[in-house]
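Student: Based on what follows, work out the 3D shape:
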Amino acid sequence: TMTIHAAHPDIIKRLKRAQGHLKSILTMREEERGCLEIAQQLQAVEKAKSTDTDKVIAAMGGQKFAAPDGFTIEMDPTNHHLHKPVFIGEIQADGQFNTVWKSKGPIRAQPWSPFIKGNEGKQSL
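Tutor: Numbers count the residues shown, from 1 in each chain. Now for the predicted structure:
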């Protein structure tokens, strides 16, 4: 007869949770989502200690990520918009970009554009 180790039921529960999360990560890759989105998702699941959607959403706010451009990107704790650096560039003849200006750091996203009619009364979170 096979003896079941006391930790096996807990390991099985953890693996089942991970299986659902892994499936969502694979779907994100198939949809060609960026690495930053996947890093956010993984970090939120780790913080929430769950794959429950509401718990993961709650864990998203305030996260910080080291981006490939060398900046640290932060997710706004209130509205989940990303604080990201701004780059202004010009396209070169070879199709590459020449950066002509960049912000010193991440800029807090403006949740509603003041240039779109109807946004005047919307709350700035």
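Student: Which residues does the lowest-mean-pLDDT helix or strand in the chain contact?
Tutor: Least confident element among the helices and strands of the chain, by mean pLDDT, DSSP states H and E: helix 8-30 (a mean of 72). Residues outside helix 8-30 that contact it (Cβ atoms under 8 Å, 6 or more residues apart in numbering): 37-38, 41-42, 45, 50-51. From N, CA and C alone the C-beta is placed, and that goes for glycine too.
Student: Swap in 6 Å and give it another go.
Tutor: Helix 8-30 has contacts (Cβ atoms under 6 Å, 6 or more residues apart in numbering) with 38, 45, 51.
Student: ranges for the strands of this protein?
Tutor: 64-66, 72-75, 82-83, 87-91, 97-102 (DSSP state E).
Student: Mind putting those into CSV with mean neighbour count and distance to K122?
Tutor: Output for the strands of the chain, formatted as CSV (neighbours: other Cβ atoms under 10 Å; distance: least, Cβ to Cβ, whole Å):
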stretch, mean neighbour count, distance to K122
strand 64-66, 13, 27
strand 72-75, 17, 20
strand 82-83, 16, 19
strand 87-91, 10, 27
strand 97-102, 10, 29
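Student: Return the distance of stretch 37-49 from the chain's centre.
Tutor: Taking the mean of its C-alpha atoms, stretch 37-49 sits 8 Å from the chain's own mean (Cα atoms, centre = their mean, to the nearest Å).
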